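S.K.: dropping a prediction and its sequence here:
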Amino acid sequence: MQVSKIDCRSDHAAKNFVESLRNTGFAILQFHPIDSDLVSQVYSDWARFFSSEGKHEYHFNAKTQDGFFPFLSENAKGAKAKDLKEFYHYYPWGQCPDFLEEATSRLYKQLNGLAMLLLDWVEQESPEAIRKNYSMRLSDMVNPSDGTLMRILNYPAMKGDEVPSAIRAAAHEDINLLTCLVASTEPGLQVKDLDGNWHDVDCDPGSIAVNVGDMLQMCSDNYFPSTTHRVINPDTGTENKARLSIPLFLHPRPEVVLSDDHTAGTFLLQRLKEIGLK
């Protein structure tokens, strides 16, 4: 399974990007508009946050889901073991430590702007028969929306006492429309093909991995596949290294109709219950 690398400067970027999503559910963006120095700064700042005990002062709000989620808070749908990670849910309206706010806010805005552009590409390149499935223009589903989430993830160094079946992020599909993931500080992301084989996702520093979420699969009547992916534990010799990653999850407004069975709000609530966050 070969995830395509898309040169965002190309005249054919939109076509190539959507074709990759259609075929694999994933695409890798290169020469994109996200500030790489800003990404490095945000990673450095949040590494300080996760290494401090002060993180517990920002414990997540169970109702609004913003804030710090401690280690072993979440499991993948259907998984028995909790993922080996801790994370922070950043929303522009939510809680955030003062020393992190400025840079984190700037990265959120940049990633959200990119995600909106990519969603326009999906709309533009969707066949007419597929566009008819959308209850409204894709951009109208999220404009405006206060549900788009930037998650800062920390996968701590392995201690050797982990549950044998536990990995950093068990096999799962994302909930939302599109996910934009800036290149992580360590490898580990894998995607599963239709034959059940796992493949490493090559996401070089400075690149961005984009994948389809369940909501886009649903509203496109399965035209765009929400591909199963995971983050595996590090190889021997690198297990003492933590891994940081930052995905932005593009979410529609709660009332947006995705299918005959679900709005975005009802589907999100169902999935949050399944992964132990509600």
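M.R.: Okay, I see it.
S.K.: is it correct that Val18 is in contact with Glu125?
M.R.: Yes - judged on CB atoms under 8 Å, Val18 makes contact with Glu125 at a distance of 3.7 Å. For the C-beta atoms, the positions are set from N, CA and C on the backbone; glycine is no exception.
S.K.: between these two, who's got more neighbours?
M.R.: The neighbour count for Val18 versus Glu125, taken as other CB atoms under 10 Å, is higher for Val18 (20 against 17).
S.K.: now the element after whichever strand or helix holds the more buried one, going C-ward?
M.R.: Using DSSP states H and E, Val18 sits within helix 13-24. Per DSSP H and E, the first helix or strand lying C-terminal to helix 13-24 is strand 26-30.
S.K.: quick check: neighbours of that following strand in the sheet, parallel or antiparallel?
M.R.: strand 5-7 (parallel), strand 208-212 (antiparallel) (DSSP bridges).
S.K.: starting at the chain centroid, how far to it?
M.R.: Computed by CA atoms, centre = their mean, to the nearest Å, the chain-centroid distance of strand 26-30 equals 13 Å.
S.K.: can you list the residues that contact the next helix or strand after that strand?
M.R.: Using DSSP H and E, the helix or strand that directly follows strand 26-30 along the chain is helix 36-50. The contact list for helix 36-50, computed with CB atoms under 8 Å, 6 or more residues apart in numbering, reads 55, 86, 88, 97, 99-100, 103-104, 106-107, 110, 152, 154, 156, 182-183, 185, 205-206, 242, 244, 246.
S.K.: how close does Lys77 sit to Ile175?
M.R.: Distance, Lys77 to Ile175, by CB to CB, to the nearest Å: 10 Å.
S.K.: for Val182, which residues are in contact?
M.R.: Here Val182 is in contact with Ile34, Val39, Leu107, Leu111, Ile208, Ser245, Ile246, Pro247 (CB under 8 Å, 6+ apart).
S.K.: selecting buried members of those in ChimeraX, what would you type?
M.R.: Here is the ChimeraX command that selects the buried residues among the contacts of Val182 (16 or more other CB atoms under 10 Å):
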select :34,39,107,111,208,245,246,247
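S.K.: quick one: which two of the contacts of Val182 are the most distant?
M.R.: Ile34 and Ser245 (14.2 Å; CB to CB).
S.K.: now the strands for the stretch 151-278 of the chain?
M.R.: 169-172, 178-182, 189-192, 198-200, 208-212, 229-231, 243-250 (DSSP state E, counting those that start in this stretch).
S.K.: Gly25: which of the ones you listed is closest?
M.R.: strand 208-212 (4.6 Å).
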